[in-house]
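**Q** sequence plus predicted model, see below.
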Amino acid sequence: AEAGANIVEVNEIVSHILNEEKQIKDIIYFYNINDPIMSPKLMTELSYINDLQNIRLSKIEKKETPIEKFLSKSTLIFLLRKTLILRRETKLAIKHYFKLYFDDSNKEELKISTNLLIDIDKMAKQNNVRFCVVIYPLLYKDIFGRYPFIPIHDFIQKICKENGILCIDAYPAFKKYRSMKRFIVHPVDHHPNGLSKIGRA
């Protein structure tokens, strides 16, 4: 595991493993849907769903009018405002992820990313190592229990199928749950906790 690694770093890590560890028989890549390379344009719009609860209220508060500052002292108004900001940030984050895969602004970067994934599989096969991509879902569902990123999972599976890459979608393990909250570390951190291991889920 390497925090913050994208497909470029994963490709380098796998190459290193295959060169250094001759006893390796299997490589399992837990693919997160933010792993593709991101265009400079998308980088400027960056919004991560696991940071959504960390609402950037401090920035907003600096721009508040005296009336807004007075009203924000009310717990009810503060919570209502927080809910509205969270809803807005969520929509922006979901839009960001879809742009990563389906927007022309990231078309070239996505092509490079998919080629790197194909290269990893080829490297593994050349070394008689079985390579498996496990698509790991973002631990988020909306208030109606809907997981918005199915089209992205379908896209990744299609790429893998077309190129003979072994691929498992981990989302079905979480499908029956209306909320993902039991699987996150903390309400302000959507990284997976111990319960989110696929075997347990």
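**A** Perfect, I can see it now. As the structure is a computational prediction, the values presented were derived from the model and not from experiment.

**Q** which residues touch residue 161?
**A** Contacts of residue 161 were listed using CB atoms under 8 Å, 6 or more residues apart in numbering, and they are residue 167. Every C-beta, even on glycine, is put in place using the N, C-alpha and C of the backbone.

**Q** buried residues in the helix or strand that contains it?
**A** According to DSSP states H and E, residue 161 maps onto helix 150-162. By neighbour count, with 16 or more other CB atoms under 10 Å as the criterion, the buried positions of helix 150-162 are 152, 153, 155, 156, 157, 159, 160.

**Q** do stretch 20-38 as well
**A** Of the residues in stretch 20-38, those buried by neighbour count under the rule 16+ other CB under 10 Å are 27, 29, 31, 33, 34, 35, 36, 37, 38.

**Q** least confident secondary structure element in this structure?
**A** For the chain, scoring each helix and strand by mean pLDDT, DSSP states H and E identifies helix 57-62 as the least confident one, at a mean of 55.

**Q** now the following helix or strand past the helix holding residue 161: mean pLDDT?
**A** Using DSSP H and E, the helix or strand that directly follows helix 150-162 along the chain is strand 166-169. Averaged across strand 166-169, pLDDT comes to 97.

**Q** also stretch 178-196?
**A** For stretch 178-196, mean pLDDT is 79.

**Q** okay, how far is it across that stretch, tip to tip?
**A** The distance separating the two terminal residues of stretch 178-196, taken as CA to CA, to the nearest Å, comes to 14 Å.

**Q** list the buried residues in the biggest helix by length in the chain.
**A** Among the elements of the chain assigned as helix by DSSP state H, the one spanning the most residues is helix 75-102. Within helix 75-102, the residues that count as buried by 16+ other CB under 10 Å are 81, 89, 90, 93, 94, 96, 97, 99, 100, 101.

**Q** which of the residues you listed lies closest to residue 124?
**A** Nearest to residue 124 among those is residue 101, at 23.8 Å by CB to CB.

**Q** which pLDDT value belongs to that closest one?
**A** Here the pLDDT value assigned to residue 101 is 96.

**Q** in this structure it contacts residue 154, no?
**A** No - counting by CB atoms under 8 Å, no contact exists between residue 101 and residue 154, whose distance comes to 10.1 Å.

**Q** if I take the helix holding residue 161 and helix 75-102, what angle do their directions form?
**A** Note on geometry: by axes from the mean of the first three to the mean of the last three CA atoms, to 10 degrees, helix 150-162 and helix 75-102 are set 20 degrees apart in direction.

**Q** give me the mean pLDDT for helix 150-162.
**A** Looking at helix 150-162 alone, the average pLDDT works out to 97.

**Q** quick one: it to chain centroid distance?
**A** When distances are taken as CA atoms, centre = their mean, to the nearest Å, helix 150-162 is centred 15 Å away from the chain's centroid.

**Q** good, wrapping up.
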